[in-house]
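Engineer: no sequence for this one, just the structure:
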Ligand code: NAI
Ligand code: MG
């Protein structure tokens, strides 16, 4: 009997359905190659859910997700829904509630430069020759974005804005475990980011990360102040394997790391809950400027599916195979429009052809 996993498939809006089709083709190929089965249930989310069911995150969709082992998410939003009140819009109305309902406290965002694409980066070739692969592990439900008290107090010129950064030991421990375990599956190097020279939360963060480290003697841990890390990422990104960050530092550093790769259509992400449940989606949005043309890059969606195989289903071999197939296709010179540079040996292809090529290389 094949191992069976339940996947809630939420394609969403814009290029979401187009790139999701290709990711599902890749899952079909994984089923054949690795004797596993993915039982897929489709659900509406975002703008299409507003149009069909009156709400960006309908209860039917939540129920389908609750019955699944993981969520494969496309992207949501577009000009059609921008005049709605903020809380009802596709992104705010669907993504934030999903994070909350499922307790998705760990956000994993790899910034990957494939060797074949070093020309797309904003960094000098010699800094990134041979490519790099940095994983940012960001705490997603605590810290200064959520802690109380919070708000603007007082009147007129006397007003003060207040945000509070607060982290409890269990909150630090659980995100640290995610980061150490991710490092164990990779190059076994972890850099914990803090500002322990100034912030009390960081002093506690460093102490707890040190104590969690004792359970992972095979992972090499170092600590770095966030300002230095911002600098080191552009100076020599290859020094990093996994970066462990609290919420705000991770927000900033993961965007910085993503931009070093120069190609939004390539970057996957995972948001994990306690246990093995997770939601997997491209780092980019619904790209309304190219939606409906069949030219979007499906690689971010396909690599998000690979992260699902790795982090929710522990199918590491299958995840490796998908990632290797993507790398091979890039080595063959095949490029969607967003990563096409017109170099000798490159061939411009569309969304479907990219999906087919990756399947063929599996
Ligand atoms: P975006 O990421 O959709 O697009 C930015 C640029 O990157 C565009 O030029 C787009 O064509 C390009 N791009 C993105 N993904 C691509 C891919 N796979 N292949 C080729 N090119 C790609 O961000 P933008 O324009 O700020 O937002 C557009 C809509 O997406 C908005 O409604 C926004 O709210 C929503 N959005 C949704 C997110 C989500 O579902 N998680 C995240 C970010 C934005
Ligand atoms: Mg951000």
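Structural biologist: Great, that's in hand. Remember, predicted model here, so these are calculated numbers, not experimental data. Ligands and ions are numbered 1, 2, ... in the order given.
Engineer: in its sheet, what does the longest strand out of those in the chain sit against?
Structural biologist: In the chain, taking DSSP state E as the definition, the longest strand is strand 3-12. Using DSSP bridges, the strands paired with strand 3-12 are strand 36-42 (parallel), strand 70-75 (parallel).
Engineer: got the domain boundaries for this structure?
Structural biologist: Here the domain parsing of the chain from automatic domain parsing is 1-107+267-362, 122-261.
Engineer: now check the helix or strand where residue 135 lies, is it near ligand 2?
Structural biologist: In this assignment (DSSP states H and E), residue 135 forms part of strand 132-139. No. Judged by C-beta under 5 Å from the ion, strand 132-139 stays clear of ligand 2, getting no closer than 9.4 Å. Any C-beta I mention is one placed from the backbone N, CA and C, and that applies to glycine too.
Engineer: Mind listing residues that contact the helix or strand that comes right after that strand?
Structural biologist: Counting by DSSP H and E, the element after strand 132-139 in chain order, helix or strand, is strand 151-153. With C-beta atoms under 8 Å, 6 or more residues apart in numbering as the test, strand 151-153 has contacts from 159-162.
Engineer: so what does the helix or strand following the longest strand of the chain touch, helix or strand wise?
Structural biologist: Per DSSP H and E, strand 3-12 leads on to helix 16-34 as the next helix or strand towards the C-terminus. If contacts are counted by 3 or more C-beta pairs under 8 Å, 6 or more residues apart in numbering; DSSP states H and E, helix 16-34 sits against strand 3-12, strand 36-42, strand 70-75, helix 299-311, helix 316-331, helix 351-360.
Engineer: So residue 262 is in contact with residue 120, correct?
Structural biologist: Yes. Using C-beta atoms under 8 Å, residue 262 makes contact with residue 120 at a distance of 3.9 Å.
Engineer: picking that back up, highest mean neighbour count out of the domains of the chain?
Structural biologist: Highest mean neighbour count among those (mean count of other C-beta atoms under 10 Å): domain 1-107+267-362, with a mean of 20.
Engineer: Wondering if it reaches ligand 2 at all.
Structural biologist: No. Between domain 1-107+267-362 and ligand 2, judged by C-beta under 5 Å from the ion, nothing touches; the nearest distance is 9.4 Å.
Engineer: So what's the model's average confidence on that domain?
Structural biologist: In this model, domain 1-107+267-362 has a mean pLDDT of 96.
Engineer: Please state the offset of it from the chain centre?
Structural biologist: 10 Å (C-alpha atoms, centre = their mean, to the nearest Å).
Engineer: Am I right that residue 190 is in a helix?
Structural biologist: No. Assessed with DSSP: H, G, I helix; E, B strand; the rest coil, residue 190 is strand; it does not lie in a helix.
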